[in-house]
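Undergrad: After the sequence you'll find the predicted model.
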Amino acid sequence: MLLKLIDAGATIEEFTNAAQQSKIKTFPYVLGVIKRQREQAAEAVIAKVSPIKVKPWHLTSSGIEAKGKELGIAQGRDEAFPAYKTRVYQAAGLTEEEHRKACIDFKVDFNWPKVLSPRKEIA
């Protein structure tokens, strides 16, 4: 493990600090401390640089099916998926604006069920 840490760029200061701050002063323990510190630092950098954006449930068929299951809504045997999706959207209280924003954020074609669109009265 020592050679791997050195190859990865571990410095003398890291070894010195880890040895001074460790409660257990054995060499393997200090190496473990340095390895753990470097892993945590790498994870922090990755989290800052590339935050993972997960698509909202209503943008994927698997998400819609999971939300339907969560809400106790089963798709009928002969029910087309768009009709099922509409029922799940309604039961979940999803708004057209929420869906539109998510579609823009994730560069997905906006597809809102017509039956959920507000009707405009003809004067």
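TA: Happy to help now that I have it.
Undergrad: Neighbours of residue 38, how many?
TA: By the measure other Cβ atoms under 10 Å, the count of residues near residue 38 is 15. Any C-beta I mention is one placed from the backbone N, CA and C, and that applies to glycine too.
Undergrad: ok, residues contacting the strand or helix carrying it?
TA: For residue 38, the enclosing helix or strand under DSSP states H and E is helix 27-49. Helix 27-49 is touched from outside by 1-2, 5, 8, 10, 14-15, 18-19, 21-22, with contacts defined as Cβ atoms under 8 Å, 6 or more residues apart in numbering.
Undergrad: which residues in this protein form helices?
TA: Applying DSSP state H to the chain gives helices spanning 2-7, 12-21, 27-49, 61-70, 81-92, 96-105.
Undergrad: now these as CSV including distance to residue 116?
TA: Below are those laid out as CSV (distance: least, Cβ to Cβ, whole Å):
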stretch, distance to residue 116
helix 2-7, 57
helix 12-21, 58
helix 27-49, 37
helix 61-70, 14
helix 81-92, 6
helix 96-105, 7
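Undergrad: Tell me the one of the contacts of helix 27-49 nearest residue 67?
TA: Residue 67 has its nearest neighbour among the contacts of helix 27-49 in residue 8, at 43.3 Å by Cβ to Cβ.
Undergrad: Contacts only, for that closest one.
TA: Contacts of residue 8 by Cβ under 8 Å, 6+ apart are residue 38.
Undergrad: Backbone dihedrals for the residue nearest the centre of the chain, both of them.
TA: By Cα atoms, centre = their mean, the chain has its centre lying nearest to residue 54, at 4.1 Å. Backbone geometry at residue 54, expressed as degrees, to the nearest 10, gives phi -100, psi 130.
Undergrad: any idea how far it is from residue 1?
TA: Distance, residue 54 to residue 1, by Cβ to Cβ, to the nearest Å: 35 Å.
Undergrad: What is the neighbour count of residue 99?
TA: 20.
Undergrad: one step back: winner for burial among the helices of the chain?
TA: Of all the helices of the chain, helix 81-92 carries the top mean neighbour count, a mean of 17, counting by mean count of other Cβ atoms under 10 Å.
Undergrad: and that one, what does it pack onto?
TA: Under the contact criterion of 3 or more Cβ pairs under 8 Å, 6 or more residues apart in numbering; DSSP states H and E, helix 81-92 touches helix 61-70.
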